[in-house]
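*Asks:* My questions are about this predicted structure, shown below with the sequence.
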Amino acid sequence: MSNSVFHSRRYIAIIIALAIALVIMFCSRERKRFWTDEGIIWTTEYHITYESNRQLTDSITAILTAIDNSVSPYNKESLITRINNNTTQEADSLFCKLYNVSLAINSGSQGSFDPTVMPLVNAWGFGYKTGSLPSQRQIDSLLTFVGITKTHLKEKTIIKEDPRIQFDFSSIAKGFACDEIGRMLKRNGASNFVIEIGGEVVAYGVNSRGETWHVSVDLPQDEDSAVSHQPTLILGLSKRAVATSGNYRKFKIVDGKKVSHIIDPKTGLSSQSNLLSATIVAPDCMTADAWATACMVMGTERVKQLSDTHQDLGIMTITADSLGNYVVWANETFTKLVIQVPSQ
């Protein structure tokens with residue numbers, strides 16, 4: 001056999017081997033597709049849709065578990081429970097992130113958002129302890145140890161001016177979880193996804209039809225002690241998050257009056273505003289979640305002023321007039337995102 005023939009056959013063999021390797025590599029790599037993960041966390045449902053070459057359920061579960069173990073006051077073994085019980089002062093990175101954002105929004109809202117309001121929430125019967133309607137004397141007593149500005153974070157050490165101060169990040173944790181899952185998805189190459197946990201939503205990229213993600217915002221429908229919902233409008237979102245807070249979602253009737261779960265951290269009283277709901281669109285869901293809660297305490301007029309100082313926020317409020325009719329107000333940032341208004 002001549003050398004030329006030998007070399008020719010060797011080159012052909014190499015080329016065939018390379019071709020086979022490429023075919024095997026291509027076939028073994030899953031093509032990107034849209035996956036859906038659903039479940040229940042913190043007594044609420046979550047729905048996540050994302051485009052990826054593999055399912056990321058384990059990573060999603062790991063993030064939710066880590067957040068629960070860090071900042072869930074309903075988890076008796078969590079870090080926040082131990083900080084609240086003064087058995088530790090050392091926070092982790094998750095706690096520190098929530099603390100720092102909460103501190104900033106507390107300042108921006110003039111105290112309307114405060115994660116140390118838990119003792120008052122418990123006293124009103126909406127927390128992890130069963131309470132009744134507190135007296136003014138009880139409220140005044142509890143207010144002495146409510147206020148995030150009565151605490152300090154030095155590196156990762158939480159310092160309380162009063163050991164009775166307790167933290168509860170429930171009004172921001174779902175939004176934070178959406179953000180954390182979104183960051184994980186992006187690290188794993190997902191550029192198109194929508195994450196929804198208990199009504200808080202992060203949307204990124206496009207859906208399976210190549211369209212901007214459509215997110216429905218509901219109009220509350222009071223029916224005595226029950227609440228039903230009907231779509232009020234559709235938002236087109238990408239690289240944005242949306243959160244809604246409302247006093248129609250969790251309340252009780254006492255002496256014929258509605259007592260809201262929204263507690264004003266400055267007065268200690270249940271919110272009596274005619275503001276039924278506040279919807280916030282922000283670059284991240286943690287910010288949207290916190291501001292939606294703050295707005296319910298601030299009331300309609302102060303929320304409208306917020307629009308002037310925070311033009312990056314899309315804001316919509318729904319109030320009830322004296323006749324019980326719904327009045328919808330939205331700023332320009334929010335209005336630009338509306339792609340559909342349902343017919344009456």
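*Replies:* Cool, the structure landed.

*Asks:* Helices of the stretch 151-300 of the chain, start to end?
*Replies:* Counting by DSSP state H, counting those that start in this stretch, one finds helices in the stretch 151-300 of the chain at the ranges 170-187, 285-298, 300-309.

*Asks:* Out of those, which one sits most buried?
*Replies:* Counting by mean count of other CB atoms under 10 Å, helix 285-298 has the highest mean neighbour count of these, with a mean of 28. Where C-beta positions appear, they are placed from N, C-alpha and C, glycine not excepted.

*Asks:* could you give me the average pLDDT of it?
*Replies:* Helix 285-298 shows a mean pLDDT of 94.

*Asks:* Show me what that helix is packed against.
*Replies:* If you count contacts as 3 or more CB pairs under 8 Å, 6 or more residues apart in numbering; DSSP states H and E, helix 285-298 packs onto helix 93-108, helix 170-187, strand 200-204, strand 240-246, strand 275-282, helix 300-309.

*Asks:* CA atoms only: put the first one into CSV for me.
*Replies:* This points to helix 93-108. The C-alpha coordinates for helix 93-108 follow below in CSV (Å, rounded to 0.1, in the frame of the first residue of the first chain):
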residue,chain,number,x,y,z
SER,A,93,-26.4,37.7,52.8
LEU,A,94,-30.1,37.2,52.1
PHE,A,95,-31.2,38.9,55.4
CYS,A,96,-28.7,41.8,54.7
LYS,A,97,-30.1,42.4,51.2
LEU,A,98,-33.7,42.6,52.5
TYR,A,99,-32.6,44.8,55.4
ASN,A,100,-30.8,47.3,53.3
VAL,A,101,-33.6,47.7,50.7
SER,A,102,-36.1,47.9,53.5
LEU,A,103,-34.1,50.7,55.2
ALA,A,104,-33.9,52.6,52.0
ILE,A,105,-37.7,52.4,51.3
ASN,A,106,-38.5,53.1,54.9
SER,A,107,-36.6,56.4,54.5
GLY,A,108,-38.1,57.1,51.0
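
*Asks:* model confidence over that helix, on average?
*Replies:* Regarding helix 93-108, the rounded mean pLDDT is 96.

*Asks:* Equivalent analysis for the third one, please.
*Replies:* When pLDDT is averaged along strand 200-204, the result is 97.

*Asks:* Would you map the strands across the stretch 1-150 of the chain?
*Replies:* Taking DSSP state E, counting those that start in this stretch, the strands of the stretch 1-150 of the chain run over residues 33-41, 44-52.

*Asks:* Need the ones you listed in a markdown table (columns: mean neighbour count).
*Replies:* Shown next, in a markdown table, are these (neighbours: other CB atoms under 10 Å):
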| stretch | mean neighbour count |
| --- | --- |
| strand 33-41 | 13 |
| strand 44-52 | 18 |
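
*Asks:* Can you lay out those as a markdown table showing distance to residue 109 and mean pLDDT?
*Replies:* What follows is the strands of the stretch 1-150 of the chain, written out as a markdown table (distance: least, CB to CB, whole Å; pLDDT from 0 to 100):
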| stretch | distance to residue 109 | mean pLDDT |
| --- | --- | --- |
| strand 33-41 | 27 | 95 |
| strand 44-52 | 24 | 96 |
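
*Asks:* Can I get these in JSON lines including distance to residue 144?
*Replies:* Shown next, in JSON lines, are the strands of the stretch 1-150 of the chain (distance: least, CB to CB, whole Å):
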{"stretch": "strand 33-41", "distance to residue 144": "34"}
{"stretch": "strand 44-52", "distance to residue 144": "32"}
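
*Asks:* hang on, the earlier thing: if we compare the helices and strands packed on helix 285-298, which one ends up closest to residue 74?
*Replies:* The closest of these to residue 74 is helix 170-187. By CB to CB, the value is 8.4 Å.
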